[in-house]
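1. Show me the folded form of this:
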Amino acid sequence: MSTAIVIDGAYFLRRFGYSFPHLDRNDPAQVAWAVPYLAGWHLAIRHRSEPHALGDVTQGYRPGESSDLYRIFFYDCPPLTKRLHYPISRKSLDLAKTSTALQRQAIHRRLLDARKVALRLGRLNDDVVWVPKPEAMRRWLDEQFVASDEDFEIKTVQKGVDMRLGLDVAAMAFKRQVDQIILVAGDADFVPAAKLARREGIDVVLDPMGGRAARDLLDHVDGVRMCRMLEPSSDTEWRIE
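-> Predicted coordinates for the structure are as follows:
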């Protein structure tokens, strides 16, 4: 059985702390390492339940060298690199020099060099909007309204990510390139891709990384399996949830 791992990059990074609590989400090297390791976890768990097991998952797994892994697809968007002004102080902000942009670019560079990883990039809408952070709005309701730049964050909209994911899933399904797809996501936008794959006889497993996946998405997969790496001691422990 050949398996493809399909990852919504933005969702993966948001849920990274849950699945990999002992890794540093600000370190591009550790984030990039976790992508193929998550794939290896799913492959090893699958084989552990089959007659010819590959061994204990805690011993590690090299998915890039396994013929069972077709490919890991990571869907994301390059960061915005335009100049803005803060909403309150009106000071200049160069997004290209922010830690968020530099980290995202570094992650993408490392994934491009990773074995059996295909990086699929959409784009972020250039129409940037400053929106209040939820905690700031709660404070404004409880206390005197005094806003600062720190009370706001940039709202961005991804373009082309779900389309690219859908096209890749359709190609794998119609060409019979895989028998199983592990979908790491939580958004209902990926329901059409999951439904198409299942109609073509592909086993679709959802890994929401401990998040609350959309009800529609849960209704159109063949099962849910979540990976979480715990490290209470020197030995790595994996938990199936």
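2. burial count for the spatially closest residue to Val117 that is not a sequence neighbour?
-> Once flanking residues are discounted, Val117 sits nearest to Ile72: 4.7 Å by CB to CB, 6 or more residues apart in numbering. Using the backbone N, CA and C atoms, a C-beta is placed for each residue, glycine as well. Neighbourhood size, Ile72 [other CB atoms under 10 Å]: 26.
3. do the same with the one 5 residues further on
-> Residue neighbour count, defined by other CB under 10 Å, stands at 21 for Cys77.
4. swap in Gly9?
-> By other CB under 10 Å, 26 other residues sit near Gly9.
5. Which strand runs longest in this structure?
-> Counting residues, the longest strand in the chain under DSSP state E turns out to be strand 69-76.
6. Paired strands for that one, with orientation please.
-> Paired strands of strand 69-76, with direction, are strand 3-8 (parallel), strand 117-121 (parallel) (DSSP bridges).
7. Can you name the element that comes right after it?
-> Where DSSP states H and E defines the elements, the next helix or strand beyond strand 69-76 is strand 83-85.
8. tell me what that following strand is packed against?
-> Under the contact criterion of 3 or more CB pairs under 8 Å, 6 or more residues apart in numbering; DSSP states H and E, strand 83-85 touches strand 92-94.
9. Quick check: end-to-end length of stretch 84-100?
-> By CA to CA, to the nearest Å, the extent of stretch 84-100 from end to end equals 15 Å.
10. for that stretch, the distance to its chain's centre please.
-> How far stretch 84-100 lies from its chain's middle: 26 Å, per CA atoms, centre = their mean, to the nearest Å.
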